[in-house]
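A.B. asks: Give me coordinates for this.
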Amino acid sequence: MNSARTELFDLAIIGGGVNGCGIARDAAGRGLSVLLVEQGDLASGTSSASTKLIHGGLRYLEHHAFRLVRESLAEREVLLRAAPHIIRPMRFVLPHHAALRPRWLIRLGLFLYDHLGGRKILPGTRSLDLRHDPAGEPLRPEFTRGFEYSDCSVDDSRLVVLNARDAATHGADIRTHTRCIAARRTDGVWRLALQGDAAAHARVVVNAGGPYVARVLTDVIREAAPKRVRLVRGSHIVVPKLYAHDRSYILQNADGRVCFAIPYQQDFTLIGTTDEDFHGDPADVASTAEEERYLCAAVSQYLRRPVDPAAIVWRYSGVRPLLDDGAGKAQEATRDYTLELEAPADSAPLLSVFGGKITTYRRLAEAAIAKLSRFFPAMRVAWTAGAALPGGDFEWNAIETVRHDLCRRYPFLSEATSRRLVRAYGTLAADTLGDARGAGDLGRRFGADLTEREVDWLQRTEWARTADDVLWRRSKLGLRVSPADVTRLADYLAASTASNVDAA
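C.D. replies: Numbers count the residues shown, from 1 in each chain. Model prediction:
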């Protein structure tokens, strides 16, 4: 993929997060030639550090972000149909806190939430008596009433990878670990200098650098940013499972924020998020002890059994590149997106992406291509609204049927392994197993149920190079493997990469 040739592409996209990969998929499917370059791994930044939700954003209603909420709510079911292996419906319990928002205001917000987005699949809101509903069991006895509504959970980093895979299926050239060093307009096109002495030409450059969007403009393209970006750190923690049922909680805090407690990877609970202004290099972002104490305290005020920071088994933090709208607090800054097109006469266009949230990435991609349509009058029409992502070509509620089909073909799989494979790869799960007739055919094991055959497949088809790529972005098996397993996997991947380089 990464030869030193110089080619002319219709689009060169800088950034391999959800927006960059979404734009690459949309454009390639319309017949445009696409190059995407990412300085690290796909989804190695903000796009793998979300709260793992496809949601409308209930709290955004208080900030009157009705357009964003409406678009997000409509996208929930579009994305659920497109990727039912990595996206699943989830019910959220909102206990009523008598000292915070009044019940009538919550009812009004949930009524709008149910009706703004054209909901067809997901069930609507209902009131709960927490004294008798199982959702009340983990809660303190003073929380007697509440509400329950629908949103969806998502494997965020796999969503990015699936968009990149689909883009590549449609002809896009996806180059990870490839930094764009410089981009200059020359003779009506862009000339890009890439890491490794490679170069490429493109008719249009799309700057989807996420938290680096302004830096790409100033350091790579050598232009001033047309919009100010507000970098906001969002931190999350994962603890052993806090309760038995499969619903999530959305919990109000006295500071105006909300905190989620979400069932995660069968045996854990995900808690997040924080909103803190961030200054520095996004590559160095990390949660602070203060944030971790805040998250533990936020859920502990509702739970019978408090959460201690010592229980944290994993923490992660990301930098949200929000459009700076002048909001006083980080949590009030808009999550909407803006697309800035610079198209001087007789010169190569530049499109920069500011802001956005993972739920609206597909609509953002459509809007980006619409802005560029006058430069490519022969390209095909919009197509992603009804198209499945790789492995998602089955009905939104038929995941167990897909799993049973896999088990019939590979009867040696345990229930846990078959469920994990189908939740990650959908109808492509069999591709990771190939012609295996027994567990011994899958090669060496790297902890948990991760096998050599699956790792090889991830290298061939999903650009996985490092242990972190496999254990934290292509899966979440990092929660279940030992340090010795990580070392063995890293050594195997390094040897595989070296042999591939030698063969090339």
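A.B. asks: Run a quick neighbour tally on T466.
C.D. replies: For T466, the tally of surrounding residues (other C-beta atoms under 10 Å) stands at 18. In short, each C-beta sits where N, CA and C put it, glycine included.
A.B. asks: So for it, what's the pLDDT?
C.D. replies: According to the prediction, T466 has pLDDT 97.
A.B. asks: For R444, see how far away it is.
C.D. replies: Counting by C-beta to C-beta, to the nearest Å, the gap between T466 and R444 amounts to 18 Å.
A.B. asks: next one: S373
C.D. replies: Distance from S373 to R444, by C-beta to C-beta: 50 Å.
A.B. asks: try S72
C.D. replies: 43 Å.
A.B. asks: Compare the two (neighbour count), which wins?
C.D. replies: S72 (25 against 12).
A.B. asks: Contact partners for that one?
C.D. replies: Neighbouring residues of S72 by C-beta atoms under 8 Å, 6 or more residues apart in numbering: 55-57, 117, 357, 359-360.
A.B. asks: dump the residue contacts of N163.
C.D. replies: Applying C-beta under 8 Å, 6+ apart, the residues near N163 are 18, 21-22, 24-25, 361, 389.
A.B. asks: The closest residue to it other than its chain neighbours: how many residues sit nearby?
C.D. replies: Nearest non-adjacent residue to N163, counting by C-beta to C-beta, 6 or more residues apart in numbering: C21, 3.9 Å away. When neighbours are defined as other C-beta under 10 Å, C21 has 32 of them.
A.B. asks: and C21, what element?
C.D. replies: Assessed by DSSP states H and E, C21 sits inside helix 18-29.
A.B. asks: Just give me how far that helix sits from the chain centre.
C.D. replies: Remark: helix 18-29 is offset 14 Å from the chain centroid, using C-alpha atoms, centre = their mean, to the nearest Å.
A.B. asks: What score does the nearest residue to V313 once chain neighbours are set aside have for pLDDT?
C.D. replies: Spatial nearest neighbour of V313, chain neighbours left out: V238 (5.6 Å); criterion: C-beta to C-beta, 6+ apart. Per-residue confidence (pLDDT) for V238: 98.
A.B. asks: you'd agree Y212 is in a helix?
C.D. replies: Yes: Y212 sits within a helix when classified using DSSP: H, G, I helix; E, B strand; the rest coil.
A.B. asks: got the contact list for the closest residue to it other than its chain neighbours?
C.D. replies: Spatial nearest neighbour of Y212, excluding adjacent residues (C-beta to C-beta, 6+ apart): P282 at 6.7 Å. The neighbourhood of P282, defined by C-beta under 8 Å, 6+ apart, consists of 45-46, 210-212, 231, 319.
A.B. asks: at 7 Å instead, please
C.D. replies: The contact partners of P282, by C-beta atoms under 7 Å, 6 or more residues apart in numbering, come to 45, 211-212, 231, 319.
A.B. asks: Would you agree the residue nearest to N163 is in contact with D166?
C.D. replies: No: using C-beta atoms under 7 Å, C21 is not in contact with D166; the gap is 8.7 Å.
A.B. asks: Backbone dihedrals for the closest residue in space to R335 that isn't next to it in sequence, please?
C.D. replies: Excluding its sequence neighbours, the residue lying closest to R335 (C-beta to C-beta, 6+ apart) is K357, at 4.6 Å. Here is the backbone geometry of K357 (degrees, to the nearest 10): phi -140, psi 160.
A.B. asks: Neighbouring strands - and their directions - for the longest strand anywhere in the chain?
C.D. replies: The residue-count maximum for a strand in the chain (DSSP state E) belongs to strand 229-240. Using DSSP bridges, strand 229-240 pairs in its sheet with strand 268-272 (antiparallel), strand 276-277 (antiparallel), strand 314-323 (antiparallel).
A.B. asks: So which of those is nearest T186?
C.D. replies: strand 314-323 (28.5 Å; C-beta to C-beta).
A.B. asks: Buried residues of the closest one, list them for me.
C.D. replies: 314-323 (16 or more other C-beta atoms under 10 Å).
A.B. asks: Same list (those) but as TSV, adding pLDDT and distance to T273.
C.D. replies: Below are those laid out as TSV (pLDDT from 0 to 100; distance: C-beta to C-beta, whole Å):
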residue	pLDDT	distance to T273
W314	98	14
R315	98	11
Y316	97	10
S317	97	9
G318	95	9
V319	95	12
R320	92	9
P321	89	15
L322	86	13
L323	81	18
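A.B. asks: how about D155, what does it touch?
C.D. replies: Each residue near D155 by C-beta under 7 Å, 6+ apart is listed here: 52, 86.
A.B. asks: how far away is it from R437?
C.D. replies: On the measure of C-beta to C-beta, D155 and R437 end up 29 Å apart.
A.B. asks: Now V78. Nearest residue, chain neighbours left out?
C.D. replies: V78 sits nearest to A385 (C-beta to C-beta, 6+ apart), 5.9 Å away.
A.B. asks: And that neighbour, how close does it get to I121?
C.D. replies: Taking C-beta to C-beta, one finds A385 at 15 Å from I121.
A.B. asks: cool, L112 as well?
C.D. replies: 19 Å.
A.B. asks: out of these two, which sits in the more crowded spot?
C.D. replies: Using other C-beta under 10 Å, the more surrounded residue of L112 and I121 is L112, with 17 against 13.
A.B. asks: My guess is that one contacts H64. True?
C.D. replies: No: L112 lies out of contact with H64 (C-beta under 7 Å); the separation is 11.1 Å.
A.B. asks: still on that earlier bit, widest-spaced pair of the contacts of N163?
C.D. replies: A24 and L389 (13.1 Å).
A.B. asks: quick one, which of the two is more surrounded?
C.D. replies: Higher neighbour count among A24 and L389: A24, with 30 against 24, using other C-beta under 10 Å.
A.B. asks: That one contacts V34, correct?
C.D. replies: Yes: taking contacts as C-beta under 7 Å, A24 lies within contact range of V34: 5.0 Å.
A.B. asks: which neighbours do the two share?
C.D. replies: By C-beta under 7 Å, 6+ apart, the residues touching both A24 and V34 are 13, 167, 172.
A.B. asks: From those residues, which land in helices?
C.D. replies: Judged by DSSP state H, the subset of the shared contacts of A24 and V34 located in helices is A167.
A.B. asks: Let's have the shared contacts of A24 and V34 in TSV, adding pLDDT and neighbour count.
C.D. replies: Formatted as TSV, these follow (pLDDT from 0 to 100; neighbours: other C-beta atoms under 10 Å):
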residue	pLDDT	neighbour count
I13	98	32
A167	98	25
A172	98	27
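A.B. asks: out of the shared contacts of A24 and V34, who's nearest R101?
C.D. replies: I13 (41.3 Å).
A.B. asks: residues contacting the residue nearest the centre of the chain?
C.D. replies: In the chain, the residue lying closest to the centroid (C-alpha atoms, centre = their mean) is D156, at 2.6 Å. Counting by C-beta under 7 Å, 6+ apart, D156 touches 43, 47-48, 50, 52, 358.
A.B. asks: Just the buried ones among those, please.
C.D. replies: Buried among those (16+ other C-beta under 10 Å): 43, 47-48, 50, 52, 358.
A.B. asks: What are the contacting residues of stretch 291-306?
C.D. replies: So stretch 291-306 is contacted by 95, 138-140, 143, 235, 237, 242, 251, 253, 259, 261, 271-272, 274, 276, 307-309, 312, 315 (C-beta under 7 Å, 6+ apart).
A.B. asks: Sort out for me which of those residues are in strands.
C.D. replies: Counting by DSSP E, those place 95, 235, 237, 251, 259, 261, 271-272, 276, 315 in strands.
A.B. asks: what's the closest of the residues you listed to R179?
C.D. replies: For these, the nearest to R179 is S235 (26.6 Å; C-beta to C-beta).
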